[in-house]
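> Following is a predicted model, sequence given first.
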Amino acid sequence: MNHKTDAAHSQILIVEDDEALARLVKSHLDRAGYDAHVEYKGRPALVFAAEHRTDLVILDLVLPDMSGYEICLELRRLYHPWILPVVMLTALNQPKNKLLGFSHGAEAYLTKPVATSELLSTIEAMLSRVERR
């Protein structure tokens with residue numbers, strides 16, 4: 001699957017409080033042809049997701065105003081789980097964190113640092129699953 005072709009209309013919300021990392025991820029997504037938007041806190045991210053078409057969320061777990069787990073639950077209330085894939089991207093690498101991520105509605109769980117190729121292929125896989133439904 002070609003990132004450029006499939007990405008043309010995909011809006012990705014990045015929720016990450018580390019501004020340098022958020023800019024880096026956004027830059028990789030922009031280059032891959034995605035339309036990426038960054039929010040640095042959970043509440044503004046939820047407002048964005050409620051007001052704008054969002055095709056996928058890349059979500060950190062540790063944010064200044066609420067946890068990524070809480071945000072994921074709220075996103076599940078806004079969107080049906082099969083419509084909005086959530087990819088957790090976090091430094092929390094313990095199995096219990098991963099299990100909590102999946103139990104709160106994440107479709108993928110990646111730990112920092114992540115290779116750009118792994119992030120892009122995960123996004124591509126999540127978006128192609130949504131297209132097939």
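It's in. Numbers count the residues shown, from 1 in each chain.
> which stretches of this structure aren't confidently modelled?
Regions of the chain meeting the criterion pLDDT under 70 cover residues 1-8, 81-82, 132-133.
> Quick test: name the residue nearest the centre of it.
Computing the C-alpha centroid of the chain and ranking residues by Cα atoms, centre = their mean puts residue 58 first, at 1.5 Å.
> Can you list the strands that the helix or strand that contains it pairs with?
Using DSSP states H and E, residue 58 maps to strand 56-59. Strand 56-59 has the following sheet partners, assigned by DSSP bridges: strand 11-15 (parallel), strand 86-90 (parallel).
> Turn these into JSON lines, columns for mean neighbour count and distance to residue 120.
To be clear about C-beta, it is placed using only N, CA and C from the backbone, and glycine gets the same treatment. Below are those laid out as JSON lines (neighbours: other Cβ atoms under 10 Å; distance: least, Cβ to Cβ, whole Å):
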{"stretch": "strand 11-15", "mean neighbour count": "23", "distance to residue 120": "11"}
{"stretch": "strand 86-90", "mean neighbour count": "24", "distance to residue 120": "11"}
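> roughly how far apart are residue 56 and residue 95?
Noted for residue 56: a distance of 24 Å to residue 95, by Cβ to Cβ, to the nearest Å.
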